[in-house]
Each structure stands twice: as structure tokens, then as C-alpha cells.
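Peer 1: return a 3D structure for these sequence lines:
(one chain, ligands or ions: 1)
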Amino acid sequence: MKEYHILSLSGGKDSTALAFFMKENMPEIFEQLELVFSDTECELPETYDYLNKIEVFLNKKIIRIKPEKSFDHIYQIYNQIPSITKRWCTLELKTKPFRKFLKENYSDGIAYLYIGIRADEIKRIETSRSTDVIKECHPFIEYNIRKDDVCKILDSSGIGLPKYYEWSNRSGCYFCPFQTKINWINLYEKHPDLYKKAMNYEFKKGEGKKKTDFGWVMGSSLKELIKKENIKAIKEKSKNKKKVIQNSSVKLVEIF
Ligand code: SF4
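Peer 2: All right, here's what the predicted structure looks like:
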């Protein structure tokens, strides 16, 4: 039976560090390794830049899987933007296209899927999704690689962190409903065009076919969020939160 080795990149630090780690520590597998990115087509510009950089640094092409239908098309079908409780985006834009890609390309063998879950995140692996033909592998857990080690791997390889880490703590779509208010404000300041694009998806009761009020952020529309007084309050709150964390002995770089 054929064997395939696939690393699914998220555009974030852990999966990227895993690719560099495998190059150094698992060179035979790295030779055959295929880097795959599920592109929602709604990622931050910094993510696309980072992916291009990864290709150069690793001298490997990244396979970019795209959904058959665009976000806008699927949104029309669901008639609702994604939310924390109705997370159709991941299923439609990432999971389904990725499953299809695996089925179309690797069903004549065993596909080993390398995942960048770190040793300090072991709880994230509640149940293995491995099957007879798809095997999940967690090298960071096997080699006890933790958060600090990931940063060291990226530093020493020269690639560093993705640029969006300067203002955001997460990879993914620019409109992600899981982002915090300060993240939204940072998006507004860094990419006002994307913020406005997200704002245009919000609607009010009675508009078109939509039956309920709906926005990306709990309790506020994006239009409200960028009122001067709200920006000030959100920034203040975020600063205080950082102070509390700095004063406790917890050392985290990514608090927003
Ligand atoms: S990054 Fe956020 S919006 Fe994009 S697919 Fe994932 S959960 Fe959905």
C-alpha cells in the first residue's frame, strides 16, 4: 500500500514550526511531505504573505485547497453569517474541501496527517480521528515540543512569526466571529477595507429575507464598535488585561 505524508498548514505559528521541525528532525519524511493549506479565500493578507515566505524558506510548494463555492455563495445558502454557535464556515470552507482533497488524491494508500498540536496542548486531542487509511501524527507531543520551543524553531529558521501577530493573536478569516473586540479594532486600524467588508454582512431585523438581527460580535454591531468612545474603552480594557497578566507570573505573549 502506498504511503503519503501530509502536513496541513493553518497559516499560524504551530503548523509552520512543525514543517521546519520536520525538515530538521525527520528529513526522510520531510522529503515526501506535502504541505497543504485549506484556503477559505477570506484569510488576512499577512497569512498569504507568510505562506509565500514558507514556500521560499522550505523550498516546497504549498498545495492550496479552495472550496468549490465561495464564502458569499455559501452564505446565501445558509442565509446567515457564521457565529460561535453556528460555525458552518469551518465545515464548508475547510473541512469539506480538505476531506474531498484526501479522498481524490490519497484513497489508494495510507495518508499520515501531521498536526502541530504542542505537548502543552495535549488535552486538545480528546479522541483520535485516525481511521484505517488516515493516521494522525503528533510529532510535537512525541518530542515534547512546547510553546517556547515553537517560537525558538521559527526564530532560528529565520522565518519568524506571521506579521499579523503584531496585532492579532489568531490566524484565519478576517471576519472570524471568535475574535475578541480588541482584535476587531486592530483589524479596523490595520485593514479598514476588510473591516468594512465584514460590516457589510451585518443586517437588521426585517432586512431582506433575514429574520433576526445579526452581527459578528456579541452585543454590538461593527458600526457601533468603531465609535470613538467604544474604541477608547476597548483599548483601555485590553491594556488593563495585559497589565494583570504581566503582574501575575504567567508569561504570555499573545494577550489581546
Ligand atoms: S477562521 Fe473563523 S471564520 Fe474562518 S473558518 Fe475558522 S472559525 Fe470560521
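
Peer 1: so who does the residue of the stretch 151-256 of the chain found nearest the ligand touch?
Peer 2: Here the stretch 151-256 of the chain gets closest to the ligand at one residue, residue 172, 2.6 Å apart by C-beta to the nearest ligand atom. Bear in mind the C-beta positions are built from the backbone N, C-alpha and C, glycine included. Neighbour list for residue 172: 10, 11, 40, 43, 44, 178 [criterion: C-beta atoms under 8 Å, 6 or more residues apart in numbering].

Peer 1: how is this structure partitioned into domains?
Peer 2: 2-166, 181-247 (automatic domain parsing).

Peer 1: mean pLDDT lowest for which of those?
Peer 2: Note on those: lowest mean pLDDT is at domain 181-247, with a mean of 86.

Peer 1: what lies in contact with stretch 70-90?
Peer 2: Contacts of stretch 70-90 with the rest of the structure, by C-beta under 8 Å, 6+ apart, involve 40-42, 67, 92-93, 173, 175, 177-178, 201-202, 209-210, 214, 216, 218.

Peer 1: wait, I meant stretch 118-135
Peer 2: Residues outside stretch 118-135 that contact it (C-beta under 8 Å, 6+ apart): 14, 102, 106-107, 109-113, 117, 136, 138, 140-141, 143-147, 149-150.

Peer 1: among these, the buried ones, what's the ChimeraX command?
Peer 2: Restricted to buried positions by 16 or more other C-beta atoms under 10 Å, the ChimeraX selection for the contacts of stretch 118-135 reads:
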select :14,102,106,111,112,113,117,138,140,141,145,147,149,150
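
Peer 1: please narrow the contacts of stretch 118-135 to those residing in strands.
Peer 2: Cross-referencing the contacts of stretch 118-135 against strands under DSSP state E gives 109, 110, 111, 112, 113, 136.

Peer 1: returning to what we had before: show the buried residues in the contacts of stretch 70-90.
Peer 2: Listed as buried from the contacts of stretch 70-90 are 40, 42, 67, 92, 93, 173, 175, 177, 201, 202, 214, 216; burial here means 16+ other C-beta under 10 Å.

Peer 1: near the ligand, which residues of the protein?
Peer 2: Counting by C-beta under 6 Å from any ligand atom, the chain comes close to the ligand at 40, 82, 87, 89, 90, 93, 94, 172, 173, 176, 178.

Peer 1: tell me, how many residues neighbour the second one?
Peer 2: Looking back up the chat, that one is residue 82. 24 (other C-beta atoms under 10 Å).

Peer 1: how much space between the residue of the stretch 151-256 of the chain closest to the ligand and residue 88?
Peer 2: 14 Å (C-beta to C-beta, to the nearest Å).

Peer 1: ranges for the strands of the stretch 51-200 of the chain?
Peer 2: 62-65, 109-114, 134-137 (DSSP state E, counting those that start in this stretch).

Peer 1: out of those strands, nearest to residue 192?
Peer 2: strand 62-65 (26.4 Å; C-beta to C-beta).

Peer 1: can you name every helix or strand that the closest one contacts?
Peer 2: With contacts taken as 3 or more C-beta pairs under 8 Å, 6 or more residues apart in numbering; DSSP states H and E, strand 62-65 sits against strand 34-38, helix 45-58, helix 96-106.

Peer 1: name the SS class of residue 17, please.
Peer 2: Put simply, residue 17 is helix when judged by DSSP: H, G, I helix; E, B strand; the rest coil.

Peer 1: check contacts around it.
Peer 2: Counting by C-beta under 8 Å, 6+ apart, residue 17 touches 116, 145, 150, 151, 153, 154.

Peer 1: ok, the last one - contacts?
Peer 2: Residue 154 makes contact with 13, 16, 17, 20, 160, 161, according to C-beta under 8 Å, 6+ apart.

Peer 1: which of those residues are buried? Put it as a PyMOL command.
Peer 2: Selection of buried members from those for PyMOL, criterion 16+ other C-beta under 10 Å:
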select buried, resi 13+16+17+20+161
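
Peer 1: among the contacts of residue 154, which two are most distant?
Peer 2: Comparing all pairs in the contacts of residue 154 by C-beta to C-beta, the longest separation belongs to 20 and 161, at 12.5 Å.
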